[in-house]
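K.L.:
Generate a structure from the sequence data that follows.
(chains A and B)
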Amino acid sequence: MDFRTFLKQNLVFLDGGMGTLLQAQGLQPGEHPERWNLTHPAVVRDVHKAYFDAGSNVVCTNTFGANSLKFAPDELEQIIRSAVQNAAEARRASRAEQEMFVALDIGPTGRLLKPLGDLDFEDAVSVFAQTVRLGVQYGVDLIVIETMNDAYETKAALLAARENSSLPVLVTNAYGADGKLMTGASPEAMTALLEGMGADALGANCSLGPKQLRPVIERLLACASIPVVLKPNAGLPKVENGCTVYDVKPEAFADEVAQMLRAGVRAAGGCCGTTPAYIRALTARAASIAPVPATEKQITAASSYTHAVLFGDGPVLIGERINPTGKPRLKQALRENDVSYILSEGVRQQEAGVQILDVNAGLPDLDETETLRRCVQELQAVVDLPLQIDTSSPQAMEAALRVYNGKAVINSVNGKQSSMEAVFPLVRKYGGVVVALTLDDSGIPSTAEGRVQIARNILAKAAEYGIPKRDIVFDTLAMTVSAEPAAARVTLAALRRIREELGCHTILGVSNVSFGLPGRDVMNGAFYALALANGLSAAIMNPASGEMMKTYYAYRALMGLDENCKEYIEAAPRLSAPAASAHSASAPSAREAQSELQRAIEKGLKEAAAERTDTLLQTMQPMQIVSGEIIPALNAVGVGFEQKTVYLPQLLMSAEAAKCAFERIRAYMSGAGGAAPERGPFVLATVRGDIHDIGKNIVKLLLENYGIRVVDLGKDVPPEQIADTVCALHAPLAGLSALMTTTVPAMEQTIRLLRQRAPWCRIVVGGAVLTQAYADRIGADKYAADAMETVRYTEQILGGTQNT
Amino acid sequence: MSTVLTKSLPAPPFCEREALRYAGCRAADGQTTGLLHACLDQAQDALAYRVCYTVSPVEIREAEVTFEGFTLPSAQLARNLAGCSRALVFAATVGVGIDRLIARAGALSPAKGLMFQAIGAERIESLCDSFCALFEQEQGVSLRPRFSPGYGDLPLEAQRAVFEVLDCPRRIGLTLGGGLVMSPSKSVTAIAGITARTEKKPQNKCARCRNAACLFRSETWISEPS
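P.N.:
Predicted coordinates for the structure are as follows:
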């Protein structure tokens, strides 16, 4: 029988621990158990056979750590070949009568993926792909991905399994006592991710005993539409008379696991500390339990690497601000790869209360695929909200979905054949909640019925690709009411019918309705209220819109979604206060603002610095503010730092206040079609192998304060990339940072390459392990002990045109 | 057969002066401590205190020490463990959450980034202190000053052996990158000799260290949290 059919009809019994049993046979601490497939095949076969004899339907090969990071290619192939052989021979040797399958076991790489670790996502995919291909070649029946404690690595493994085989895949994660993976993902987030990518079953293994895993299992059962798997430890290990013993014995283990089989778990076995005795007890206890069918849960969920956002639990807010259309400052940031500006837009919206961030990087003169991918990677490094990938380019969409750490919202597909044929395969492969616009080749229907019909067509086509209804949310298209008086009514009627007749969730870009009208916010707020009343699930909106946020909080309170009106009460003062204005009577005059700007910077007051700058911009030339106000204030603080009367945190707070002032000036100038004159560029990077970047970020902040253009290449940057950038920009200066003694050689290598390819470039080095002597030895032009020293040196090289 | 055990600890007491020292601050005004505490509040939920450890017999020679499953070449470690027949080998981490906060702040507010960095450094050191104190108490022993790969003449490559034996990724989510950099970054691996209960501890960790130019060198030692 094929495994998928078997899983559909039966409870599946998996095997138990392997490592513990091999240790009992003499496996030494630190020794790779995978090598025992070659050195002790009989021992491994006996363990497998004992599990089949105890009633296991599935035995996992002894390949937990069999990957190309740990083993050379030839040895890896030998290990996997013999591991599959050992399991297959055990199956032949067993006289057990149940159905028996051999699964390729895949554990984590032991490395953390970028950006928190140093393993690239695509490299992780290739590592897993090699193992998968070998397993398939030597004839396993299914793949078990297990003990994964990071969402991103789990995604890499599942993607590798799906791209290199058509075998069934079971995926289990290691949840801690807090109900999360080590890197933060909740059971709901993992369910969204794994179901979206087409896992055949998902669940929990390792880390805890059956009782402690129960809450996680209950949460998985509540949200998963596919079978749930459980492989707990035999409780917790302790040392008794020099031996390791686990505190849950076979009978108690079997009782606990059997209860969860009755509650709906469909596949069960054991992990650390469990032996064939545990599996024998379990299969005996569970013999009479009938499998509970896995049912469709109708949950529409997007997820990040920490949590899932559910449509239907209350109105979902999707922040629309990371979209260059009509935003000159964002356009400039995208063109200049000014990551921190883009991140600040994301964080600002999160702080304003949105649950999902829309990300659009479509600019005519930019490589959208690369820009969107980079935006997604940078945003997901600092913002834990699910992202909405917003692009009309299927190529950019795929690039972004591939690297996205979770289940994204995809914006968008529509009723045109060409659109569905381009987008649905991506939804099928990477998972996603897809926004479906109710328009097709003949345009946007002017009637509600026309739009509902397109929605039906889209659902039918999606079903052909195996995409469930719950993963589609319909946008019935908010049109400009000033151009077409019936526009809003048709949109709302279509919305209501899709919600009621098709049972699907809905979404609108609300503010389109008021296009061309004055007082747009008022109109948007009212239309949003009407849309909510007609069944709107999610709004793509600007969280800075006071009226929409008012409607949002009021709606939640009115519909009983806000217990004791708590959130409403908290938000009320913020929402009813008149918007602060730089032109209000209490604002300081330009003359007052002048000295106050210097004071705000020296004191590190960000908001005050921004406000004072706005006031000054009404009367002063931008560059005059920089040279007459900002730089003198920074110099005063810098001198204090050098004389040790000001410490690093204070220096940084001042630098951040100055940055806010600069940001106002830059916005003013890009609005006026100009750009601030800048010197440089200064190419800055943390060298290859090093993932520490706080020092580098401090240097960047201070250099930018002094009007120097910094091209920040990030951390773990290869020498070639640094040299390429310096050459392409003919940069007069490069700054290299290294924090560890082990990465100083990479710094030396970078300097050598720069000397060859960019002899004009001066090189400044810094970082905790460096000293003047070290810097001299590796051939740097300058060792800077701190960020101020880098600034002083740069001023000296570039000529301090703005310095006093 | 040695057993590796895993422990989750409650948050150790916070030492403000240590955190400020890591932030490069020898005197702090209200605004600085205000920022420190705002960051600490934000970090609280992102911190998890996990340790995995084993007790290994040690064979000490002049310039190397053999543990169960691995040998480390280091005369300084041999001196550090002189007279001990067993050692505690452990790995500790405060988790990946603080790295996310550092990354987020690094892009938006380096001042906060610096504070999160300092908080992470203080937290992991305090976790090691707390764990060692707990171990001493539970086992009725004393521990020598802890010694980590990369200290003195103990090469950083020793990390590989410690990671193999403790299986850190699986037990506490601690990983070793290609350049021997640990992720999460606020983590420590260390070895501490086990002695009978009586031995008295030195007061200042920094006093034992030869790096007189260290930016973080503590002049007045703050008593270790108990």
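
K.L.:
how about the helices of the stretch 551-700 of chain A, start to end?
P.N.:
A:566-576, A:590-603, A:606-617, A:622-625, A:631-642, A:648-671, A:694-705 (DSSP state H, counting those that start in this stretch).

K.L.:
for those, which one sits closest to residue A:175?
P.N.:
Set against residue A:175 and scored by Cβ to Cβ, the helices of the stretch 551-700 of chain A come closest in helix A:566-576, at 29.2 Å. For the C-beta atoms, the positions are set from N, CA and C on the backbone; glycine is no exception.

K.L.:
Show me what the closest one packs onto, helices and strands only.
P.N.:
With contacts defined as 3 or more Cβ pairs under 8 Å, 6 or more residues apart in numbering or on different chains; DSSP states H and E, helix A:566-576 has these neighbours: helix A:546-558.

K.L.:
quick one, what contacts whatever residue of chain B ends up closest to chain A?
P.N.:
Closest to chain A within chain B is residue B:173: 3.0 Å, counting by Cβ to the nearest Cβ. Residues near residue B:173 by Cβ atoms under 8 Å, 6 or more residues apart in numbering or on different chains: A:149-150, A:182-183, B:50, B:93, B:95-96, B:184.

K.L.:
show me what contacts the nearest residue to residue B:179 once chain neighbours are set aside?
P.N.:
Closest residue to residue B:179 apart from its sequence neighbours, by Cβ to Cβ, 6 or more residues apart in numbering or on different chains: residue A:689 at 3.5 Å. The contact partners of residue A:689, by Cβ under 8 Å, 6+ apart, come to A:118, A:716, A:740, A:742-743, A:746, B:177-179, B:181.

K.L.:
And these, which of them are buried?
P.N.:
Buried by 16 or more other Cβ atoms under 10 Å in any protein chain shown: A:118, A:716, A:740, A:742-743, A:746, B:177, B:179, B:181, out of these.

K.L.:
one step back: can the helices of the stretch 551-700 of chain A go into a markdown table with extra columns for mean pLDDT?
P.N.:
Listed next are the helices of the stretch 551-700 of chain A as a markdown table, based on pLDDT from 0 to 100:
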| stretch | mean pLDDT |
| --- | --- |
| helix A:566-576 | 89 |
| helix A:590-603 | 78 |
| helix A:606-617 | 90 |
| helix A:622-625 | 87 |
| helix A:631-642 | 88 |
| helix A:648-671 | 87 |
| helix A:694-705 | 87 |
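
K.L.:
I'd like to know how many residues surround residue 109.
P.N.:
I went with chain A, as the question did not name one. Neighbours of residue A:109 under the rule other Cβ atoms under 10 Å in any protein chain shown: 26.

K.L.:
That was the other one, I meant chain B.
P.N.:
For residue B:109, the neighbour count with other Cβ under 10 Å is 25.

K.L.:
for residue A:111, same thing?
P.N.:
Counted with other Cβ under 10 Å, the neighbours of residue A:111 add up to 22.

K.L.:
Near chain B, which residues of the stretch 401-550 of chain A are found?
P.N.:
Taking Cβ under 8 Å from any Cβ of the partner chain, no part of the stretch 401-550 of chain A reaches chain B.

K.L.:
Any idea which residue of chain A lies closest to chain B?
P.N.:
Closest point on chain A to chain B, by Cβ to the nearest Cβ, is residue A:182, at 3.0 Å.

K.L.:
Which residue is the nearest non-sequential neighbour of that residue?
P.N.:
Leaving aside its chain neighbours, residue A:182 sits nearest to residue B:173 (3.0 Å; criterion: Cβ to Cβ, 6+ apart).

K.L.:
Tell me which helix or strand residue 83 sits in.
P.N.:
Picking chain A for this. For residue A:83, the host element (DSSP states H and E) is helix A:73-93.

K.L.:
Now that helix: average pLDDT?
P.N.:
Across helix A:73-93, pLDDT averages out at 98.

K.L.:
Now do the buried residues in it.
P.N.:
The neighbour-count check on helix A:73-93 (16+ other Cβ under 10 Å) flags A:75-91 as buried.

K.L.:
who wins for proximity to residue A:95 among the helices of the stretch 551-700 of chain A?
P.N.:
Closest approach to residue A:95 among the helices of the stretch 551-700 of chain A is made by helix A:694-705 (62.4 Å; Cβ to Cβ).

K.L.:
So what's the gap between the helix or strand following the closest one and the chain middle?
P.N.:
Later in the chain than helix A:694-705, the nearest helix or strand by DSSP H and E is strand A:708-712. Centroid separation for strand A:708-712 versus its chain: 27 Å, with Cα atoms, centre = their mean, to the nearest Å.

K.L.:
go on, stretch A:376-383?
P.N.:
Worked out by Cα atoms, centre = their mean, stretch A:376-383 lies 6 Å from the chain centre.

K.L.:
same thing with stretch A:500-519?
P.N.:
Its chain's average C-alpha position is 28 Å from that of stretch A:500-519, according to Cα atoms, centre = their mean.

K.L.:
Helices of chain B, residue ranges please.
P.N.:
B:16-22, B:30-44, B:75-81, B:97-108, B:110-139, B:158-166, B:168-172 (DSSP state H).

K.L.:
Only alpha carbons, please: show the last one as CSV.
P.N.:
When you say that, I think you mean helix B:168-172. The C-alpha trace of helix B:168-172 is given here as CSV (Å, rounded to 0.1, in the frame of the first residue of the first chain):
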residue,chain,number,x,y,z
CYS,B,168,23.9,22.3,21.8
PRO,B,169,21.7,22.9,18.8
ARG,B,170,19.2,20.2,19.8
ARG,B,171,19.3,20.8,23.5
ILE,B,172,19.3,24.6,23.8
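
K.L.:
helices or strands next to it in the packing?
P.N.:
Other elements packing on helix B:168-172 under the criterion 3+ Cβ pairs under 8 Å, 6+ apart are strand B:50-57, strand B:86-93, strand B:175-176.

K.L.:
swap the cut-off to 10 Å and go again
P.N.:
strand B:5-8, strand B:50-57, strand B:86-93, helix B:158-166, strand B:175-176, strand B:187-195 (3 or more Cβ pairs under 10 Å, 6 or more residues apart in numbering or on different chains; DSSP states H and E).

K.L.:
which of those sits most buried?
P.N.:
strand B:175-176 (a mean of 26; mean count of other Cβ atoms under 10 Å in any protein chain shown).

K.L.:
what sits up against it?
P.N.:
Strand B:175-176 is contacted from outside by A:108-113, A:116-119, A:149-150, A:153, A:182, B:91, B:93, B:96, B:159-160, B:162-164, B:168-169, B:181-184, B:187, B:189, using Cβ atoms under 10 Å, 6 or more residues apart in numbering or on different chains.

K.L.:
now residue A:229, nearest residue through space, not along the chain?
P.N.:
Once flanking residues are discounted, residue A:229 sits nearest to residue A:203: 3.1 Å by Cβ to Cβ, 6+ apart.

K.L.:
and the strand or helix carrying that neighbour, what does it pack onto?
P.N.:
Assigned by DSSP H and E, residue A:203 belongs to strand A:201-205. Counting contacts by 3+ Cβ pairs under 10 Å, 6+ apart, strand A:201-205 packs against strand A:142-148, strand A:169-173, helix A:187-196, helix A:210-223, strand A:228-231, strand A:267-268.

K.L.:
Quick one: closest of those to residue A:302.
P.N.:
Taking Cβ to Cβ, helix A:187-196 is the member of the helices and strands packed on strand A:201-205 nearest to residue A:302, at 6.8 Å.

K.L.:
Around chain B, pick out the residues from the stretch 51-200 of chain A.
P.N.:
Residues of the stretch 51-200 of chain A found near chain B (Cβ under 10 Å from any Cβ of the partner chain) are A:64-65, A:69, A:107-119, A:147, A:149-150, A:153, A:174, A:176-178, A:180-184.
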